[in-house]
Each structure stands twice: as C-alpha cells, then as structure tokens.
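Q: here's a sequence, model it:
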Amino acid sequence: MKEAGVLERRLIDIGQERFASEVWGRTALLTRGASDFSDLFSANAVDELISRRGLRTPFLRVAKGGSTLPESSYTSPAGVGATISDQLDDTALWRKFGDGATLVLQALHRTWEPVSSFSTKLSTELGHPVQANAYVTPPQNRGFDDHYDVHDVFVLQIEGTKRWIIHEPVHVDPLRSQPWTDRRSAVEEAAQGEPYIDTVLEPGDVLYLPRGWLHAAQAQGKVSIHLTLGIHSWTRHALAEHLAQAALAALCDDPEMRGSLPMGVDGPEGEIAAIRKRLAAAVMEADTTSLFQRARRGQGRPAPLGPVAQLAAVENLGPESLVRLREALEARFEGSRLTTRVGWLDFPEVNLPSVRRLLDGEAHLAADLGVDLVERLLRAGVLVPVEQ
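A: Predicted coordinates:
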C-alpha cells in the first residue's frame, strides 16, 4: 500500500481521494486537530528570522488596519561592511508590532528549511506550485480587511488563536489578473452577509480555502501565528496561454507572417482572416507532448543545493558513494535527453538505464551507476550526496 503523503497525514482527515473529488477547488474545509505543526514553525522562528537572518524586503510586509505600511517605516541600512539599505530594522518592527501591526513573513519556502521541505513535498503531491507565508498578529488585531486570494490556501494555525470569517465567492475561480480590488464593492457587500464559516482556529487546526473565497481574520487573546500555504493552481487558461505562446513562436519561422502589411492600408481588416487561419493551424500543429511539464518546471525551484557540500561530494566521490536525484527537479526524459528545472543533458545509449534508475528518487551506489556518470550529474546539480 502506498504511504500517505503530507496532505493526508497532516492537513486533512477525509482522505486524499475524497478531498480531490469533493473539496479541491470547490469549497472550504475546516479540519480540527489536523497535526502538531511545531516542527514547521514557531514564535522562536519568527524572532530568529527577523532579528538574526538579515532579511530584506520583500521577505516581510507589515500591515495594520487593512493597509500595508510603507517599507521605509521598518527598514534601515545594514551597517558597517554592507551597502544594503533595506534590511529589516528589528527595533522599528518591534514598535510596529507592539502598536498592533501584523508581521507577514513572505516566501518562507525560500528562507526556513522545515517549511521549505514541507512545501516541496506538498507541491509534488498536488501537482501545483506552493508558496508559504507566516502571519504574526498581536492580540485583538487584524492585518487585512475582507478579501479573496487568487490562489488556493491551506491555513495552518501554529500558535495562539484566530477568528476566521469566511464567505462564498463573489467571483468564482479568479485568475491572477483578477484581484479582489477589482471587485471591492462586491466584496464589501458580501462580507456583510451570513458567513459560510465563522470559527476560531486553535493550534493544529487547518482551514482550506479555494481561490476566490472571501476571508478576514482577527487574533484573540494572545499573539496568533499561522502559516498560509498558497497553492498557485494551474488552470486551463494558463495552459491556453502556453499553447498560444508555442504557436506564436512557430509563426516566427513563417516568412509570410514576418512580412510587413501592404503600404497605404487603412487597417488590417483585410489581413485578419488569413492571419486567423495561420494562427489556428499553428495552434493545432504545436507540440503539446510536454507542454504542461515545461510550463510547470518554470514555475518552481528545485530543492536547495549547498555549493560547499556539493564540491566535497565531487572531490570525495568513489564507488561506495551514495547519491540520489535532487528533489523537485521535475526531471523527465524526452528521448535520450533528460530535461530538468536546472537545464537538460543528453546521454549516450549506454548511460540511459542508469539515469532512468535515478528517477525513482532513491539512494544509489556510484559503483552501480558508473562513477564517471555520477560525477557528471553531481557537477550538473542533478544528483546530490546522501549523508551516511
């Protein structure tokens, strides 16, 4: 039996198949006591990131009373030996926080390893890119007014409690180009109606919201910390964009399409029918074999790679060295070519069985794969060493 992934083990209690068929992209879902998330994030992590990591904007936003504060109000020069002028100023941030502002630590999938690892696993399971933000709100305060997001979210309550008020969408399945501010009046009106969910999240609770669902949240008696995992869902519209781009790229090789319109033409109306026909043909002829995979590879990043550890792995490489495929590479064979998020490599026929074995993600001995092949893949950033 296949082992349950992080979605089923830590975020929901209804099973992955039921979630996929009844909830995903359709409706909100509240799961009580889904998991203990202290291994992912904590108040100590907040203080570490803000006071000791030298973070810069836009890795943090500050909000109060429904508005985002100007970056200049909580950043300052980095001090001796640095020319950076926009690092976080922990004193200024403390004063803002003490005065009721919400701190939003953005892109934690890039800056905090436990969240990074979790986000990568969840993205792999869902088949959609995942980002992670943390919201740190003082007692009895709210950072943002009622609004909707243009991506799905899982809200993981880490510490404290927060009251969430959820309303059904005023615009179903908004695209990234359709933010809630375009429908501000409709959002404000809907927020006055009967809520779909009105609840207080406690540590371990998880709330799933599809894009477009209205929400507002307010901390209760203590500081509230929650993680928001943003799921940037692939849409048919997005695939249509990539398909159109592929067709337009193909038309670059058509001399007639590159030609200028005739002189003295008042408008292109007479040309539209011919152009429409050629464009439709290019869409039909576009290579869609790996269109989604190519597009998806460009929307995410592979797992972190340490240059010092990677060089040590190359220098110490021997038959007994253990290696595995770097996570989140989106590796895929197209003939004898391996395409990944870090580029592509062509292989002779003799190497193909060994490289295909690596796609299982398991640890393999260099001797079983070929030491020369392993060195090439280590240098390319495709393989990483396994700690022994």
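Q: next, count neighbours for the nearest residue in space to residue 386 that is not next to it in sequence.
A: Nearest non-adjacent residue to residue 386, counting by C-beta to C-beta, 6 or more residues apart in numbering: residue 322, 3.9 Å away. Every C-beta, even on glycine, is put in place using the N, C-alpha and C of the backbone. By other C-beta atoms under 10 Å, 14 other residues sit near residue 322.
Q: residue 159 now?
A: With other C-beta under 10 Å as criterion, residue 159 counts 19.
Q: and the pLDDT at the residue nearest to residue 386?
A: Residue 322 carries a pLDDT score of 96 in this model.
Q: again with the one 4 residues further on
A: pLDDT recorded at residue 326 is 94.
Q: ok, it - contacts?
A: Contact partners of residue 326, counting by C-beta atoms under 8 Å, 6 or more residues apart in numbering, are 302-303, 305, 342, 381-384.
Q: and the residues you listed as a markdown table, adding pLDDT, secondary structure and distance to residue 360?
A: A markdown table is the format used below for the contacts of residue 326 (pLDDT from 0 to 100; DSSP: H, G, I helix; E, B strand; the rest coil; distance: C-beta to C-beta, whole Å):
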| residue | pLDDT | secondary structure | distance to residue 360 |
| --- | --- | --- | --- |
| 302 | 86 | coil | 17 |
| 303 | 84 | coil | 16 |
| 305 | 91 | coil | 20 |
| 342 | 91 | coil | 19 |
| 381 | 96 | coil | 19 |
| 382 | 97 | coil | 14 |
| 383 | 97 | strand | 13 |
| 384 | 96 | strand | 15 |
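Q: for ChimeraX, write the select line for the buried members of the residues you listed.
A: Selection command for ChimeraX covering only the buried members of these, criterion 16 or more other C-beta atoms under 10 Å:
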select :302,342,381,382,383,384
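Q: between the contacts of residue 326, which is closest to residue 248?
A: Set against residue 248, the nearest of the contacts of residue 326 by C-beta to C-beta is residue 342 (26.4 Å).
Q: next up, the contacts around the closest one.
A: By C-beta under 8 Å, 6+ apart, the neighbours of residue 342 are 302, 326, 329, 380-382.
Q: which one of the residues you listed is nearest residue 204?
A: The closest of these to residue 204 turns out to be residue 302 (C-beta to C-beta; 30.6 Å).
Q: isn't the closest one up against residue 331?
A: No - assessed by C-beta atoms under 8 Å, residue 302 is found out of contact with residue 331, at 9.3 Å.
Q: can you check which residues contact both of those two?
A: residue 340.
Q: can you put the contacts of residue 342 in CSV and add distance to residue 105?
A: Putting those into CSV (distance: C-beta to C-beta, whole Å) gives the following:
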residue, distance to residue 105
302, 22
326, 26
329, 27
380, 33
381, 28
382, 31
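Q: of all pairs in the residues you listed, which one is the farthest apart?
A: Farthest pair in the contacts of residue 342 (C-beta to C-beta) is 302 and 380. Separation: 11.6 Å.
Q: need the outlier residue of the chain, farthest from its centre.
A: Most distant from the centre of the chain: residue 264, at 49.9 Å, with distances by C-alpha atoms, centre = their mean.
Q: ok so, going back, beta partners of the residue nearest to residue 386?
A: residue 365 (DSSP bridges).
Q: that one and residue 383 touch, don't they?
A: No - Residue 322 lies out of contact with residue 383 (C-beta under 8 Å); the separation is 10.2 Å.
Q: where along the stretch 201-350 of the chain do the helices fall?
A: 236-251, 255-258, 269-285, 291-297, 307-315 (DSSP state H, counting those that start in this stretch).
Q: endpoints of stretch 288-307, how far apart?
A: Its start and end residues considered, stretch 288-307 measures 35 Å (C-alpha to C-alpha, to the nearest Å).
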